[in-house]
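1. return a 3D structure for these sequence lines:
(chains A and B)
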Amino acid sequence: MTSNNPSSDNQSIKDNPAGNFTRLLPPLPVFILQPLLNHIVKTIAGRHPELFARLGDSCKKRFLIDPYNLPIFLLLQPDPDRPQLRAYNRGKDVDHDVYISGTFKTLLRMIDGQTDSDALFFNRQLKVTGNSEAVVALRNALDNMDATLAEDVASCFGPLSKPVRLLIDRIIKPGKTSP
Amino acid sequence: MTQLFKPELVCPAGTPASLRTAIEAGADAVYCGFQGPTNARNFPGLNFTLDEMATAVNWAHQRGAKILSAINSFPTAGRTQIWKDAIDDAVSIGVDAIIIADIGMADYMHKTHPDQRMHLSVQAGASSPEAINFYCERFDIKRVVLPRILTVAEIKKVHDEIPCEIEAFVFGNIGMMAEGRCALTNYVTGLSTNMDGVCSPANFVNYEEDEDSNLTTKLGEFTIDCISCNENAGYPTICKGRYNTAHKREYYAFEEPISLNLTRLLPDLMRAGVTALKIEGRQRSKAYIRSVVSEFRNAVDAYSEGKNPDISNLLALTEGQKETQGAFRSKTWR
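-> Numbers count the residues shown, from 1 in each chain, chains lettered A, B, ... in the order given. Okay, here's the model as predicted:
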């Protein structure tokens, strides 16, 4: 399926000053990010094989993760045989099964286990459309991790892992505005 | 305020990590289920394998906490062996109690594992002393989880007429349906809350948001609600849907998206003789469990010591950010 593609005309972005700002930016050279994203997704897959058991058939689904106040979005396919995480510039049309959207801060707080995703959905800070079975499986699989996904991502930065963790903490600090 | 008997705090867990979170946050006991149709929260990615449950039992016992295994759905003809195997497995790994709803499985467990502690699930819908006493006499149940249809005064009356402990829900999802009898999901999807463990199965749920951020919630081919951009959403359950009916448009025909919150009634429940206080939400995240269990741990401890706790922090975690005391306060809450 393809729906809710994070085009530059996305309504959520229209409503968000930071989103408006990102629309003025030129496309980012996302290919620079790709080696890091490959490293992150393969590291997490290697550390947490139990994730795939909980995902079941949903590991073949494509999850479009849209931090709508940033100029890029991500496409995750948590296939145990070939896990993929790719970045795209906003406006690119990408096939997906699940669409998950929120501010960068909201999504970061969620993967850091700081906040309840159901509550975020109830109060409309989190938008989810597409294959509901897949998104429920992903939520539950990630929620069963003792270390948070954010910690794993930070650890992928090697000697910079502590500064990255501090940066994440600074972004998700309660009360701080977006992103 | 005088000191009160301190009840057991029974908390939900849908995953091993949630179970550890609940116990670290102060749960006295955690209830959880095996993967598959034997429990009433059979959702994708949720619940425990046998190995995970065995590890959880050991981990909990080392910390003085109990594990209650929910095998609380209803087997249909030709499928009973799945439930019997689940009971045998739960007994084999040393769970502290098994929560049963089906009368046939209660009989199997009583005959096959007479020394295993049995609790009667809310799904059994036993709300009168006569019904509860029947289960006590026939199957030696040690605790009944009461349906969410009784006032605190009625709970006190039940307590005085039964020989077993009472467990009462104090927080989380609440619906209008008779416990263990709801067939709304079955009408729409062909799958049963009570026999397959799935209320609004995820593969039938669809959310659609238009360009003005209005959210449409569907279960199968039926629209459950249309939520405008500035409204809070709820779970995609038929009983919380908003419908255009013959006499009223955009009408919550059964119940609003709302959560039970009995923090203010905890002292009354404790005086009524409730042995255990239950938090709903095996489908909820670790963050939710950490917050709710911590708040209730503080509240229960404070009330039992004769103090008045701060109970203001739970609203953000409620469905639709609305709360009710439901039938516990009054039979006419709607």
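2. where do the helices of the chain begin and end?
-> No chain in the question, so chain A it is. For chain A, the helices defined by DSSP state H occupy A:11-14, A:17-23, A:34-47, A:50-55, A:104-111, A:117-122, A:132-143, A:149-155, A:161-172.
3. let's do chain B instead
-> Using DSSP H, the helices of chain B run over B:16-24, B:50-62, B:80-92, B:103-112, B:129-139, B:152-161, B:184-189, B:266-271, B:286-304, B:326-329.
4. could I get the second one in CSV with only the CA atoms?
-> Coordinates of each C-alpha in helix B:50-62 appear next as CSV, following Å, rounded to 0.1, in the frame of the first residue of the first chain:
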residue,chain,number,x,y,z
LEU,B,50,6.6,-21.2,28.2
ASP,B,51,10.3,-20.5,28.6
GLU,B,52,9.7,-16.8,29.1
MET,B,53,7.0,-17.6,31.7
ALA,B,54,9.3,-20.0,33.6
THR,B,55,12.1,-17.4,33.7
ALA,B,56,9.6,-14.8,34.9
VAL,B,57,8.4,-17.0,37.7
ASN,B,58,11.9,-17.6,39.0
TRP,B,59,12.8,-13.9,38.6
ALA,B,60,9.6,-12.8,40.4
HIS,B,61,10.0,-15.3,43.3
GLN,B,62,13.5,-14.2,43.9
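5. okay, buried residues for it please.
-> Neighbour-count burial for helix B:50-62, counted by 16 or more other C-beta atoms under 10 Å in any protein chain shown, picks out B:52-54, B:56-57, B:60. For the C-beta atoms, the positions are set from N, CA and C on the backbone; glycine is no exception.
6. comparing the helices of chain A by mean pLDDT, which bottoms out?
-> Within these, confidence is poorest for helix A:11-14, with a mean of 39 (mean pLDDT).
7. JSON lines please, covering the helices of chain B and showing distance to residue A:105.
-> Converted to JSON lines, the helices of chain B look like this (distance: least, C-beta to C-beta, whole Å):
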{"stretch": "helix B:16-24", "distance to residue A:105": "23"}
{"stretch": "helix B:50-62", "distance to residue A:105": "33"}
{"stretch": "helix B:80-92", "distance to residue A:105": "42"}
{"stretch": "helix B:103-112", "distance to residue A:105": "47"}
{"stretch": "helix B:129-139", "distance to residue A:105": "50"}
{"stretch": "helix B:152-161", "distance to residue A:105": "42"}
{"stretch": "helix B:184-189", "distance to residue A:105": "35"}
{"stretch": "helix B:266-271", "distance to residue A:105": "35"}
{"stretch": "helix B:286-304", "distance to residue A:105": "15"}
{"stretch": "helix B:326-329", "distance to residue A:105": "35"}
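8. interface residues of the stretch 1-150 of chain B facing chain A?
-> Listed as neighbours of chain A in the stretch 1-150 of chain B under the rule C-beta under 8 Å from any C-beta of the partner chain: B:14-18, B:20, B:43-46.
9. please redo it, this time with the cut-off set to 6 Å
-> Contacts of the stretch 1-150 of chain B with chain A, taken as C-beta under 6 Å from any C-beta of the partner chain, map to B:15, B:17, B:43-46.
10. and the residue lying closest to residue A:48 once chain neighbours are set aside, how close does it get to residue A:151?
-> Excluding the flanking residues, the one nearest residue A:48 by C-beta to C-beta, 6 or more residues apart in numbering or on different chains is residue A:145, at 6.1 Å. Separation of residue A:145 from residue A:151 (C-beta to C-beta, to the nearest Å): 9 Å.
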